[in-house]
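Trainee: Attaching a predicted model along with its sequence, questions to come.
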Amino acid sequence: QNTGPDQQLLHIKIEKIKPNIKDFYFNFKKKVIVDIQDEGRANLYVKESGGIDLTLDVELNHSLDTATNAGPSVTIKKADVKVHKLTLDITDANHKTILNMVTSLFSGLIESNIESSVKQNLEGLTQDLTGVLSKELKTRLLPKVDNKPVEENATSVH
């Protein structure tokens with residue numbers, strides 16, 4: 001979908017991503033009324049028809065303004081991440097039985113934290129993509145001297 005002469009909107013939908021992370025290490029320390037701490041190993045997987053659904057609307061601006069040195073950008077306009085039927089199974093810990101009961105009670109909170117983390121990582125990825133696109137377009141489109149973009153050939157006055 002076009003949003004302007006130098007812009008495009010990309011709609012990406014990925015459904016039922018099935019993470020399966022086996023035998024990862026965890027630790028925590030929390031002060032509630034008393035200090036609670038534990039460490040151990042766990043498995044993370046998706047039950048039955050669950051999974052992670054990811055919907056992204058990404059705006060690609062591929063213009064290059066040589067007067068202002070403004071380059072292309074990648075912007076997430078919308079990011080929806082939904083986690084369904086995620087299971088965390090504590091396999092080794094000092095309080096294994098208690099932790100397995102608690103994780104089932106707080107599965108919604110765990111899923112919400114994963115959704116939030118995925119969104120944050122996507123924002124970081126768009127910043128990286130913007131940097132790469134900007135550098136690549138400047139290299140290809142700016143006037144060149146000695147086979148390098150003009151801005152790289154500028155010398156400073158001492």
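Mentor: Received the coordinates, thanks.
Trainee: Now do the strands in this structure.
Mentor: Chain-ordered strands for the chain, with DSSP state E as the definition, fall at 2-4, 7-17, 21-31, 35-61, 73-93, 144-145, 148-149.
Trainee: So what sits opposite residue 79 in the bridge?
Mentor: residue 56 (DSSP bridges).
Trainee: now the one 5 residues further on
Mentor: On DSSP bridges, the residues paired with residue 84 through beta bridges are residue 51.
Trainee: pretty sure it contacts residue 51?
Mentor: Yes - in this structure, residue 84 is within contact of residue 51 by C-beta atoms under 8 Å, at 6.1 Å. The C-beta positions use only the backbone N, C-alpha and C, and glycine is treated the same way.
Trainee: Low-confidence bits of the chain, can you list those?
Mentor: 1-5, 62-71, 137-138, 140-158 (pLDDT under 70).
Trainee: Pull the contacting residues for the residue nearest to residue 80 when sequence neighbours are not counted.
Mentor: The spatially closest residue to residue 80, leaving aside those adjacent along the chain, is residue 55, at 4.3 Å (C-beta to C-beta, 6 or more residues apart in numbering). Residues near residue 55 by C-beta atoms under 8 Å, 6 or more residues apart in numbering: 11-14, 78-81.
Trainee: What is the burial count for residue 90?
Mentor: Residues contacting residue 90 under the criterion other C-beta atoms under 10 Å number 20.
Trainee: how far away is it from residue 28?
Mentor: In this structure, residue 90 and residue 28 are separated by 12 Å, where distance is defined by C-beta to C-beta, to the nearest Å.
Trainee: quick one, longest helix in the protein?
Mentor: Using DSSP state H, we find that the single longest helix of the chain is helix 107-141.
Trainee: Run through the neighbouring helices and strands of it.
Mentor: With contacts taken as 3 or more C-beta pairs under 8 Å, 6 or more residues apart in numbering; DSSP states H and E, helix 107-141 sits against strand 35-61, strand 73-93.
Trainee: cutoff 10 Å now
Mentor: Helices and strands in packing contact with helix 107-141 are listed as strand 35-61, strand 73-93, helix 96-105, strand 148-149, helix 150-153; criterion 3 or more C-beta pairs under 10 Å, 6 or more residues apart in numbering; DSSP states H and E.
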